[in-house]
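**Q** I need the structure of the sequence given here:
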Amino acid sequence: MRKHILYSFILLSLLSCEDTLEQRFSDSVEVNETIVDLNSLNLAANGAYSFLANPGYYNRNFILIPEIMSDNAFINAFDNTGRFLEFDDYIVNSNDSRVEETYNNMSRVIATTSIVINKANAISFIESEKKKANHYIGEMYALRALTYHNFLLLFAQPYNFTSGASHLGVPIPDFELLGNGANIQKPGRSTTAKVYAQIVEDLLLAINLMHKESILFRFDVFSAKALLARVYLHMQNWEGARDMADDVILNSNKNLLTRNEYINSWTEDFNKESLFVVSNIKTDNSGINSIGHFYLKLKDAFATNDFKNTLSDTDIRKELYPKFGSTNLVTKFPRTAIKDDNIQVLRLSEIYLIKAEAHAHLNEVTEAQQTLDIIIQRADSKPVEATTEIGQILLNKILLERRKELAYEGFRLFDLTRYGITFNKFRQDTYPIEVISPSPKTVLPIPIDEINVNPNIADQQNPGY
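**A** All right, here's what the predicted structure looks like:
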């Protein structure tokens with residue numbers, strides 16, 4: 001990936017740096033024809049990806065908060081830097097700076113990708129450039145879809161919370177008007193169903209526009225299909241999830257890591273099952289604000305015994321959570337010097353688990369069992385008996401394997417909420433909090449600054465805030 005300094009001028013002209021949704025979803029930004037050809041389109045696309053490598057998004061908040069708020073992690077109660085304690089204690093409010101930081105970064109990605117799409121679509125590329133141009137545009141649709149899905153996960157109840165997903169989701173601006181310099185948009189929150197429909201539409205467009213040739217650390221056809229499999233899973237579109245997962249497994253040319261490769265893979269920039277990775281270069285350095293510093297250098301949070309006890313002594317994954325006194329370290333993000341860890345956003349192990357879960361819901365029991373066993377048996381040094389469970393017990397086993405395999409990657413809270421599971425939020429120095437499902441507190445508040453500047457969202461705060 002090019003150094004970010006090479007395309008910072010494009011980002012500055014594409015998007016205001018103001019922190020309100022009114023500004024970031026506004027048309028008052030100056031574009032000044034900065035996207036004028038294939039090269040400038042590529043630079044702008046690179047710039048959109050750079051927002052992911054931010055502590056307010058994938059470099060920390062988005063993958064940390066869902067673990068701290070679940071039964072997987074707790075804050076170091078005796079020697080911490082004073083950060084994220086409110087998530088550990090379930091006392092987050094609408095003035096929270098971490099919530100606002102995350103909301104702002106996600107909004108910024110959505111606005112940026114939308115403007116890039118608009119400007120690119122206005123260019124008449126010569127025939128020899130159309131294939132690459134379409135691929136770059138497709139990447140922006142995929143990146144917007146990824147961020148919209150993450151936006152929903154944090155700020156709205158799961159898809160199945162209401163009939164037809166009629167509950168409030170997140171704002172959708174008029175994309176076609178973004179970047180024309182004429183209007184300021186103040187969109188209200190759309191329904192969750194409408195936002196999911198937008199996500200699916202964006203991903204189908206992305207898949208149609210992109211070609212199979214991959215660009216390192218950027219979306220391609222199969223990473224978009226992997227994301228669509230994840231989205232369909234959350235929508236309980238089991239056929240769609242199964243079919244997308246099958247396509248990725250069979251045709252992406254990715255392979256599962258072996259047991260012997262597994263631990264070292266977390267020290268690498270990418271590995272043979274990586275489908276989409278957030279790249280961190282030296283100039284991205286989040287320093288003490290990175291996820292690796294948080295878990296390892298500062299030791300601000302630890303893995304719960306409740307999680308670690310799910311792993312047998314012969315499970316290779318247990319090595320990722322070594323003892324530190326009476327606590328358990330998290331070492332999935334081992335870099336704390338020179339540059340931050342690259343973040344695995346989509347990897348083949350997740351796709352196998354999506355496939356297993358979809359098969360189980362479709363009563364395709366044998367396929368579910370066999371797919372699940374691939375992940376279970378890969379991790380264990382001893383022979384593991386084949387899965388024979390059926391029905392809800394099989395689903396419980398799949399969910400447990402998701403907990404083991406995807407731990408500390410930002411999945412656990414959302415698995416608990418989409419299944420309506422009541423759980424204990426463990427803390428180090430006091431009693432656990434029983435989080436009874438469905439809980440309004442597993443959803444983050446809309447930041448008060450957004451409430452104050454946007455009359456169309458003023459009465460759409462999440463319950464309990």
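
**Q** quick check, central residue of this protein?
**A** Closest to where the C-alpha atoms of the chain average out (CA atoms, centre = their mean) is N150, at 5.1 Å.

**Q** list the contacts of that one.
**A** 62, 106 (CB atoms under 8 Å, 6 or more residues apart in numbering). Just so you know, the C-beta spots here come from the backbone N, C-alpha and C atoms, and that holds for glycine as well.

**Q** which residue ranges of this protein form strands?
**A** Assigned by DSSP state E, the chain shows strands spanning 73-75, 168-171, 189-191, 274-278, 301-303, 323-324, 327-328, 343-347, 423-425, 433-435.

**Q** export these to JSON lines and tack on mean pLDDT and distance to I126?
**A** Output for the strands of the chain, formatted as JSON lines (pLDDT from 0 to 100; distance: least, CB to CB, whole Å):
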{"stretch": "strand 73-75", "mean pLDDT": "98", "distance to I126": "52"}
{"stretch": "strand 168-171", "mean pLDDT": "98", "distance to I126": "37"}
{"stretch": "strand 189-191", "mean pLDDT": "98", "distance to I126": "38"}
{"stretch": "strand 274-278", "mean pLDDT": "96", "distance to I126": "30"}
{"stretch": "strand 301-303", "mean pLDDT": "98", "distance to I126": "52"}
{"stretch": "strand 323-324", "mean pLDDT": "97", "distance to I126": "59"}
{"stretch": "strand 327-328", "mean pLDDT": "98", "distance to I126": "57"}
{"stretch": "strand 343-347", "mean pLDDT": "97", "distance to I126": "33"}
{"stretch": "strand 423-425", "mean pLDDT": "98", "distance to I126": "56"}
{"stretch": "strand 433-435", "mean pLDDT": "98", "distance to I126": "57"}
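
**Q** out of the ones you listed, nearest to E213?
**A** Smallest distance to E213 across those (CB to CB): 14.6 Å, for strand 274-278.

**Q** mind listing what's buried along the closest one?
**A** By 16 or more other CB atoms under 10 Å, the buried positions in strand 274-278 come out as 274-278.

**Q** what's the angle from it to strand 343-347?
**A** 150 degrees (axes from the mean of the first three to the mean of the last three CA atoms, to 10 degrees).

**Q** for strand 274-278, packing partners?
**A** helix 221-234, strand 343-347 (3 or more CB pairs under 8 Å, 6 or more residues apart in numbering; DSSP states H and E).

**Q** tell me the strands beside the last one, with direction?
**A** Next to strand 343-347 in the sheet, as set by DSSP bridges, lie strand 274-278 (antiparallel).

**Q** so how far is the partner strand from its chain's centroid?
**A** 11 Å (CA atoms, centre = their mean, to the nearest Å).

**Q** show me the contact partners of it.
**A** 49, 52-53, 58-59, 217-219, 222-223, 226-227, 248, 252, 254, 269-270, 342-348, 351.

**Q** what do you get for stretch 117-129?
**A** 31, 34-38, 41, 44, 133, 136-137, 140-141, 144, 175-176, 178-180.

**Q** ok so, going back, which single one of the buried residues of strand 274-278 is nearest to N80?
**A** Ranked by distance to N80 (CB to CB), these are led by V278 at 25.6 Å.

**Q** please report how far the closest residue to that closest one other than its chain neighbours lies from V231.
**A** Counting by CB to CB, 6 or more residues apart in numbering, V278 lies nearest to I343, which is 4.1 Å off, once chain neighbours are set aside. As defined by CB to CB, to the nearest Å, I343 lies at a distance of 19 Å from V231.

**Q** and for K339?
**A** 31 Å.

**Q** pick out whichever of these two has more residues nearby.
**A** Using other CB atoms under 10 Å, the more surrounded residue of K339 and V231 is V231, with 24 against 17.

**Q** report the contact partners of that one.
**A** V231 touches 145, 149, 196, 199-200, 203, counting by CB under 8 Å, 6+ apart.

**Q** redo that, cut-off 6 Å
**A** By CB atoms under 6 Å, 6 or more residues apart in numbering, the contact list for V231 reads 149, 199.

**Q** for it, report the pLDDT, please.
**A** For V231, the model assigns a pLDDT of 99.

**Q** skip the chain neighbours and tell me the closest residue to I172.
**A** Leaving aside its sequence neighbours, I172 sits nearest to S190 (CB to CB, 6+ apart; 4.6 Å).

**Q** tally of neighbours for that neighbour?
**A** 18.

**Q** N54 too?
**A** N54: 22 neighbours (other CB under 10 Å).

**Q** roughly how far apart are it and T147?
**A** The spacing between N54 and T147, counted by CB to CB, is 12 Å.

**Q** same deal with Y141?
**A** 11 Å.

**Q** same check, this time on L38
**A** From L38 over to T147 (counting by CB to CB), the distance is 24 Å.
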